[in-house]
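Q: What follows is a predicted protein model with its sequence.
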Protein chains: 2
Amino acid sequence: MPETLAQDPAAEAAPRRPRGRPRKSAQHLDESGRRRELMEQAARLFLVKGYAATTTRDIAAAVGMHSGSPFYYFKSKSALLYAVMREGMEGALASQQQALDKLAPEADAHARLRALIRHHFDILLGPASGFIPVMLYEWRSLTAAQKKGVSQVKDTYEAAWMPALEALAAQGDLRASPAVARLFIFGALNWSVQWFRVRGSQTLDGLTEQALHLFAGKA
Amino acid sequence: MPETLAQDPAAEAAPRRPRGRPRKSAQHLDESGRRRELMEQAARLFLVKGYAATTTRDIAAAVGMHSGSPFYYFKSKSALLYAVMREGMEGALASQQQALDKLAPEADAHARLRALIRHHFDILLGPASGFIPVMLYEWRSLTAAQKKGVSQVKDTYEAAWMPALEALAAQGDLRASPAVARLFIFGALNWSVQWFRVRGSQTLDGLTEQALHLFAGKA
DNA sequence: CCTACCGATCGGTAGG
DNA sequence: CCTACCGATCGGTAGG
């Protein structure tokens, strides 16, 4: 895994900055707070209604702005979608890395896969979720350059699963080629966005164990 | 499984019929041909661009009509989406039933699951596919009444998997509860729409075997 | 099915 | 960030 990501192929010029000398950190925090709010509300609406059916006016209203104001933070609706996906994926990659680093050095392949599945459920269904489901279900709304930009991060995220899957296959605990198993497993997990309900009886820990046994259970 | 489906909760008045006495079967065939063409092109566009981003003008142009003409066959864009999903799901349910009926009477649970998976891949990725992927990825674009209408058929389709999954669980070849396994398995299969490419090296038969072994393989 | 059209909505911008 | 606004597009319809 590269320590630094390549340049962003879909990077765009930043929007107008506020005039005058930028005030201290308070100002910066506030600014990035508003930007972040826009991304969070946009992600929520994109997931419920879809990107194309969500208007920039919906998003503005959701954060208490007037209709033209989101364009102060993002140069276009498309750039806002891209920010949600790209920055969401960067966050997911970072937290996945942390989850793997937290494992004991002697952790076996089952433990590694369990940690990956548990973390993925958290990203998809946990309290701080939202950006990654948008990425999964709005991929077609990106331009080609934007897809490239998100793929840079997404491919790294997915590649991190291969060592565990290969080890499981080698020891006979995975009954498909690692490459195909990865596609099926991601599908099974990603689809949970469609049916999982927070108020239901399932816990993310319980789902993790069931998934682990179904895909890589012994006997 | 009921022999007859309940009434369609989202059924709407048929669009205007052509004036004059309906001519014989040729006329009828031609009419239903145009209607079908609209559904097929609409499904293709809905899948590529999404429902909201597809205009009724796009659809009209794809079948060589002028912009107002689709509304002669469907009372609204929404009704066209619903027809794609509902009729697509009805066709899938019928062909799934046929696939099960074709099994030898002594077929075991593995053979039943294999037939179900193979048929599902065909529906999702085969040459005649298109309607079901739209249903899977545009669910949120339906009204509540429409969701009810499609669910009537979809629930029956999915329920047909339970006996095979329960039998496999009973004999120790399924390492999760049948209910949760069904959700994961459908996710794994449905996600293939995202990555399967017809020109690639994978065949639907090959994918079926890999899925079967991954989910319900012995040892 | 086509022609001709309407009312509403939408992304985006200039200027402050 | 707001105000005021524009040009383009879109679903849908009347009438034939």
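A: All right, it came through fine.
Q: what's the spacing between residue A:168 and DNA strand C?
A: Relative to DNA strand C, residue A:168 is positioned 45 Å away (Cβ to the nearest atom of the strand, to the nearest Å). (C-beta placed from N, C-alpha, C; glycine too.)
Q: What score does that residue have for pLDDT?
A: As predicted, residue A:168 sits at a pLDDT of 98.
Q: where does chain A have low pLDDT?
A: For chain A, the stretches flagged by pLDDT under 70 are A:1-6, A:13-31, A:219.
Q: can you give me the helices in it?
A: Along chain A, the stretches classed as helices by DSSP state H are A:25-49, A:56-62, A:70-73, A:77-101, A:109-125, A:131-137, A:144-159, A:162-170, A:178-190, A:192-195, A:204-216.
Q: buried set for the fourth one?
A: Of the residues in helix A:77-101, those buried by neighbour count under the rule 16 or more other Cβ atoms under 10 Å in any protein chain shown are A:77-86, A:88-90, A:92-93, A:96, A:99-100.
Q: hang on, the earlier thing: export the helices of chain A as JSON lines, with columns for distance to residue B:168.
A: Below are the helices of chain A laid out as JSON lines (distance: least, Cβ to Cβ, whole Å):
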{"stretch": "helix A:25-49", "distance to residue B:168": "34"}
{"stretch": "helix A:56-62", "distance to residue B:168": "46"}
{"stretch": "helix A:70-73", "distance to residue B:168": "51"}
{"stretch": "helix A:77-101", "distance to residue B:168": "32"}
{"stretch": "helix A:109-125", "distance to residue B:168": "22"}
{"stretch": "helix A:131-137", "distance to residue B:168": "29"}
{"stretch": "helix A:144-159", "distance to residue B:168": "29"}
{"stretch": "helix A:162-170", "distance to residue B:168": "21"}
{"stretch": "helix A:178-190", "distance to residue B:168": "16"}
{"stretch": "helix A:192-195", "distance to residue B:168": "21"}
{"stretch": "helix A:204-216", "distance to residue B:168": "11"}
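Q: Mind putting these into TSV with distance to chain B?
A: Output for the helices of chain A, formatted as TSV (distance: least, Cβ to the nearest Cβ, whole Å):
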stretch	distance to chain B
helix A:25-49	7
helix A:56-62	13
helix A:70-73	19
helix A:77-101	12
helix A:109-125	11
helix A:131-137	7
helix A:144-159	11
helix A:162-170	11
helix A:178-190	3
helix A:192-195	6
helix A:204-216	4
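Q: nearest to residue B:198, of those?
A: Among the helices of chain A, the nearest to residue B:198 by Cβ to Cβ is helix A:178-190 (15.7 Å).
Q: quick one on the thing from earlier: run through the buried residues of helix A:77-101 and flag the ones next to DNA strand C.
A: A:77, A:78 (Cβ under 7 Å from any atom of the strand).
Q: Might you enumerate the residues of chain A proximal to DNA strand D?
A: When proximity is defined as Cβ under 7 Å from any atom of the strand, chain A approaches DNA strand D at A:16, A:34, A:60, A:64, A:65, A:66, A:67, A:68, A:69, A:72.
Q: do you know how far the fourth one is from residue A:137?
A: Pointing back at residue A:64 there. Applying Cβ to Cβ, to the nearest Å, the value for residue A:64 to residue A:137 is 26 Å.
Q: Which residues are in contact with the residue nearest to the spatial centre of chain A?
A: In chain A, the centroid-proximal residue (Cα atoms, centre = their mean) is residue A:132; its distance is 2.9 Å. If a contact means Cβ atoms under 8 Å, 6 or more residues apart in numbering or on different chains, then residue A:132 has A:88, A:89, A:92, A:123, A:124 as its contacts.
Q: Looking at the residues you listed, which one is closest to residue A:214?
A: Distances from residue A:214 to these, taken as Cβ to Cβ, are shortest for residue A:124 (16.9 Å).
Q: Looks like that closest one contacts residue A:189 (just checking).
A: Yes: counting by Cβ atoms under 8 Å, residue A:189 is a contact partner of residue A:124 at 6.8 Å.
Q: Quick one: name the residues of chain A near DNA strand C.
A: Counting by Cβ under 7 Å from any atom of the strand, the residues of chain A close to DNA strand C are A:54, A:55, A:56, A:57, A:67, A:68, A:71, A:75, A:76, A:77, A:78.
Q: just to revisit the earlier point, any idea how far DNA strand C is from the residue nearest to the centre of chain A?
A: 22 Å.
Q: Spatially nearest residue to that residue, not counting backbone neighbours?
A: Closest residue in space to residue A:132, ignoring its immediate chain neighbours: residue A:123 at 5.0 Å, by Cβ to Cβ, 6 or more residues apart in numbering or on different chains.
Q: Also residue A:40?
A: Of all residues not flanking residue A:40 in the chain, residue A:130 sits nearest, at 6.6 Å (Cβ to Cβ, 6+ apart).
Q: Please list all residues in contact with the one you found.
A: Applying Cβ under 8 Å, 6+ apart, the residues contacting residue A:130 are A:40, A:43, A:44, A:47, A:88.
Q: Residues contacting stretch A:119-129, please?
A: Residues outside stretch A:119-129 that contact it (Cβ under 8 Å, 6+ apart) are A:92, A:95-96, A:99, A:132-133, A:189-190, A:192-193, A:196, A:198, A:204, A:207-208.
Q: give me the number of residues near residue A:194?
A: Neighbour count for residue A:194, taken as other Cβ atoms under 10 Å in any protein chain shown: 16.
Q: Same check on residue A:190?
A: If we define neighbours as other Cβ under 10 Å, then residue A:190 has 21 of them.
Q: just residue A:204 next, same as before
A: Residue A:204 has 18 neighbours, counted by other Cβ under 10 Å.
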